[in-house]
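# Attaching a predicted model along with its sequence, questions to come.
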Amino acid sequence: MDKVDKEILNELQRNAKQNTKQIASKIGLSVTPTYERIKRLEKSGVIKKYVALVDRQIIGKQIIAYCQITLFKHQKSLIDQFKYEMSILPEVMECHHVSGNFDFLLKVAVNDMNSFQRFINERLSVVEGISTIHSSFVMDSYKDSTSYPL
């Protein structure tokens, strides 16, 4: 990946709805090579997919919580099952297997505190292998980015 590829990625991270012509003019390249580079970045997996970023307040997701999960034991089958269970819970936006004082870090989005309580009691706590759940709630966000620095 060279400097031009990084410029293309920066532009797409800023606004993925830009067409190839717009991106080409911003990076100082003609349309055809820009198009070919974008297709190559997609085919190689550098660009995984295109998404719309939604305002969570407008759609009613008032509560963002980070849940620190500790499993009873570090066993591959238990870890794999936990990962699968998290992948099918719509409230779980992110699931990271981490090092440190706990095993997994979840980012959870729900409508309100009652929804969070139901999520914990009826969906998360019934997942096999969980030893402890510690939750922290986002009070305010000062930086919320989806762009990777290149």
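That came in fine, so what should we check first? Residues are numbered from 1 along each chain as shown.
# residue contacts, the spatially most central residue of the chain?
Centroid-nearest residue in the chain: residue 94, 5.1 Å away (criterion: C-alpha atoms, centre = their mean). By C-beta atoms under 8 Å, 6 or more residues apart in numbering, the contact list for residue 94 reads 105, 106, 107. C-beta here means a position set from N, CA and C on the backbone, and glycine is covered the same way.
# wait, is it part of a helix?
No. Counting by DSSP: H, G, I helix; E, B strand; the rest coil, residue 94 is not found in a helix; it is strand.
# Name the surrounding residues that touch stretch 107-121.
Applying C-beta under 8 Å, 6+ apart, the set of residues contacting stretch 107-121 from outside is 56, 60-67, 89, 91-95, 133, 135.
# Just among the contacts of residue 94, which is most surrounded?
residue 106 (20 neighbours; other C-beta atoms under 10 Å).
# which residue sits closest to it in space, ignoring its chain neighbours?
Leaving aside its chain neighbours, residue 106 sits nearest to residue 67 (4.3 Å; criterion: C-beta to C-beta, 6 or more residues apart in numbering).
# Starting from residue 63, give me the distance back to the residue lying farthest from the centre of the chain.
Within the chain, residue 30 marks the point farthest from the mean C-alpha position, 32.6 Å out by C-alpha atoms, centre = their mean. For residue 30, the distance to residue 63 (C-beta to C-beta, to the nearest Å) stands at 48 Å.
# What of residue 147?
Applying C-beta to C-beta to residue 147 and residue 63 gives a distance of 24 Å.
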